[in-house]
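J.: Pasted the sequence and its predicted model underneath.
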Amino acid sequence: MTDNNPFAAMMKAGQDWAKALNPALDSFVPSGLDKLWPTMPAEAMEAIMGRTFNPEGLDAKTRLLMTLMGLTILGAQNDAQIRLTVRHARAAGASKQEIAETIAQAAFFGGVPAMTRAMELATGAMEEDKE
């Protein structure tokens, strides 16, 4: 039997591959992933996530608030996704109050620690938008 960790080997292979593609990725950390993905224009979000294919369905803002609720409930395993979803929700027309209420509602299902972490991430994402 060997002591090789298959997950560690897989991660190393992925890191080596990324480094071969772009040496700058050697210093990349997953916590910065959301900074590599710009916020889509509201029209694009509505076309992809909104009523384009289902005119009677949910709009992009509502879908993004629902996504934020699910990500919050999952807890501290998706920082980049929460920040990105908050930025997209704001671009789709969600107010800071709507985002805060969505995250607060998630506390009933995911717990207060998950809500607190998501609130910190959302606040940070909205402060970045000011800059």
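T.: Here it is on my side, so go on.
J.: show me where this structure has helices.
T.: Under the criterion DSSP state H, the chain contains helices at 6-21, 42-49, 60-74, 79-91, 96-110, 112-130.
J.: Mind telling me which of those the model trusts least?
T.: Ranked by mean pLDDT, the helices of the chain bottom out at helix 42-49, with a mean of 74.
J.: could the helices of the chain go into CSV alongside distance to S27?
T.: (Glycine included, C-beta is placed from N, CA and C.) CSV is the format used below for the helices of the chain (distance: least, Cβ to Cβ, whole Å):
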stretch, distance to S27
helix 6-21, 10
helix 42-49, 30
helix 60-74, 26
helix 79-91, 16
helix 96-110, 31
helix 112-130, 21
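J.: winner for burial among those?
T.: Each of those was scored by mean neighbour count; the highest is helix 79-91, a mean of 23, by mean count of other Cβ atoms under 10 Å.
J.: if I look at the residue most central in space within the chain, how far off is L65?
T.: In the chain, the centroid-proximal residue (Cα atoms, centre = their mean) is Q81; its distance is 1.3 Å. Distance, Q81 to L65, using Cβ to Cβ, to the nearest Å: 14 Å.
J.: Likewise for M40?
T.: Between M40 and L65 the distance is 16 Å, computed by Cβ to Cβ.
J.: Tell me how this protein divides into domains.
T.: If you go by automatic domain parsing, the domain ranges for the chain are 1-32, 37-130.
J.: Now find how far off-centre the last one is within its chain.
T.: Same thing as domain 37-130. Between the centre of domain 37-130 and the centre of its chain there are 8 Å (Cα atoms, centre = their mean, to the nearest Å).
J.: when you give positions from now on, start the count at 120
T.: Done: numbering now begins at 120, and the last item shifts to domain 156-249.
J.: which one is L183 nearest to, not counting chain neighbours?
T.: Distances taken as Cβ to Cβ, 6 or more residues apart in numbering place A208 nearest to L183, at 4.0 Å, with adjacent residues excluded.
J.: same deal with R182?
T.: Spatial nearest neighbour of R182, chain neighbours left out: M168 (4.9 Å); criterion: Cβ to Cβ, 6+ apart.
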